[in-house]
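Visitor: Sequence plus predicted model, see below.
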Amino acid sequence: MGYQDRNYYRPSGFGGFTFFPPIIKNLLIINVVVFFLQIILENIQFGGVPGWFIINKYFALNPLSGEYKQGIPYNFQIWQLITYQFMHGGFAHIFFNMFMLWMFGMEIENLWGSKKFLVFYLTGGVVAGIFQLFVAPLVGGVGPTIGASGAVFAVMIAFAMFFPDRYIFIYFLLPVKAKYLIAFLVILEYLFVSGGTGTDSNVAHLAHLGGAAAGFVFVMLDRKYNFDFDRIFNSIKALFTSSTSSGAPFRKPHRTKKGEGNVMEAEFYDINDKKNAEEFDHEEIDRILDKISKSGYQNLTEREKKILFEASKKG
């Protein structure tokens, strides 16, 4: 892959960009572990029932109605909208899904931060599953669905919306702008469905379209409302860690001498103090910049943002 004038897509490990941001890395690991578990269960039986059948029955995305060829009814469970995203049908299936996730997803996670990217990724997969559940029966045959393709299509759409003019090298030779390549792939999926072949094959093309739609809507809403999942996660965490709800003793704020007010936070630093500012210029600033490169600016605390602001004024 090549890169020139910010038009060519080349993930870089320098300048604050991470090759394997935490969510991408963990998703790759989980998918590979589950894939090897599927391989193991292929050759194991439980009471005469193949292991692959059991794992598909409980963790693949089962249709809402119908039955397997053995006359056993499908077993849809709500958690399958998540678990099916981590199962795959073969080496080529998982390889290309994980490669596309890594190639397009790492820059989105570096841009958004890990929490927002995780919510986005899982949302894309869930919406893709809903498309498969409710639309597939209207246009053709149905069956259990597995794979991360729907979520990956959401990631691809996000990449095309943020970096439309990046060049993707097909087979490492032919450069095509991201907006054209990904638009072509979405149109191809639509043609499969509209042509009647989308449900006859073993590929869930409707799930791909559902993931693409979810990715587009999520990015558009985020541009309008700027979802702050860090604040949401912190608010939820506060509900479970607050001293009053956990039964821990409530600590009164330390009161200083009369006229000096209340000290509400013992570890508060006055970043305008010259001594502290000098310390922040080195170790603290470096630590904050490392944090930005790993999880994005939006994951900084208010204190860290103030430190950067004061340091920028000095510089």
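Guide: Received it, and whenever you're ready, just let me know what you need.
Visitor: Would you point out the helix or strand in this structure whose mean pLDDT is lowest?
Guide: Across the helices and strands of the chain, mean confidence by mean pLDDT, DSSP states H and E is lowest for strand 262-263: a mean of 41.
Visitor: Please enumerate the strands of the stretch 1-150 of the chain.
Guide: Under the criterion DSSP state E, counting those that start in this stretch, the stretch 1-150 of the chain contains strands at 45-46, 49-50.
Visitor: looking at the ones you listed, which is closest to residue 207?
Guide: When those are compared for distance to residue 207 using Cβ to Cβ, the nearest one is strand 49-50, at 24.6 Å. The way it works is simple: take the backbone N, C-alpha and C, and place the C-beta from them, glycine included.
Visitor: Pull the distance from the closest one to the chain's centre.
Guide: Distance of strand 49-50 from the chain centroid (Cα atoms, centre = their mean, to the nearest Å) equals 33 Å.
Visitor: For that strand, which strands pair with it and how are they oriented?
Guide: Paired with strand 49-50 in the same sheet, following DSSP bridges, are strand 45-46 (antiparallel).
Visitor: gap between the strand it pairs with and the chain center?
Guide: Distance of strand 45-46 from its chain centroid, counting by Cα atoms, centre = their mean, is 34 Å.
Visitor: try stretch 108-124
Guide: The gap between the average C-alpha position of stretch 108-124 and the chain average comes to 4 Å, counting by Cα atoms, centre = their mean.
Visitor: Repeat that for stretch 162-169.
Guide: With Cα atoms, centre = their mean, you get 20 Å for stretch 162-169.
Visitor: Tabulate the CA atom coordinates of that stretch in CSV.
Guide: Provided in CSV are the C-alpha atoms of stretch 162-169 (Å, rounded to 0.1, in the frame of the first residue of the first chain):
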residue,chain,number,x,y,z
PHE,A,162,-14.6,10.0,6.7
PHE,A,163,-11.9,9.3,4.2
PRO,A,164,-13.7,9.2,0.8
ASP,A,165,-10.6,10.1,-1.3
ARG,A,166,-8.2,7.6,0.2
TYR,A,167,-6.9,5.2,-2.3
ILE,A,168,-7.3,1.5,-1.7
PHE,A,169,-4.9,-0.7,-3.6
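Visitor: which parts of it are buried?
Guide: 162-163, 166-168 (16 or more other Cβ atoms under 10 Å).
Visitor: Tell me which entries of the residues you listed lie within helices.
Guide: Counting by DSSP state H, the buried residues of stretch 162-169 place residue 162 in helices.
Visitor: Any idea how far apart the tips of stretch 131-140 sit?
Guide: Counting by Cα to Cα, to the nearest Å, you get 13 Å between the two ends of stretch 131-140.
Visitor: pLDDT averaged over that stretch - what is it?
Guide: Stretch 131-140 comes out with an average pLDDT of 88.
Visitor: Adjust the sequence numbering to begin at 48 for everything that follows.
Guide: Understood, numbering begins at 48; the last thing we discussed is stretch 178-187.
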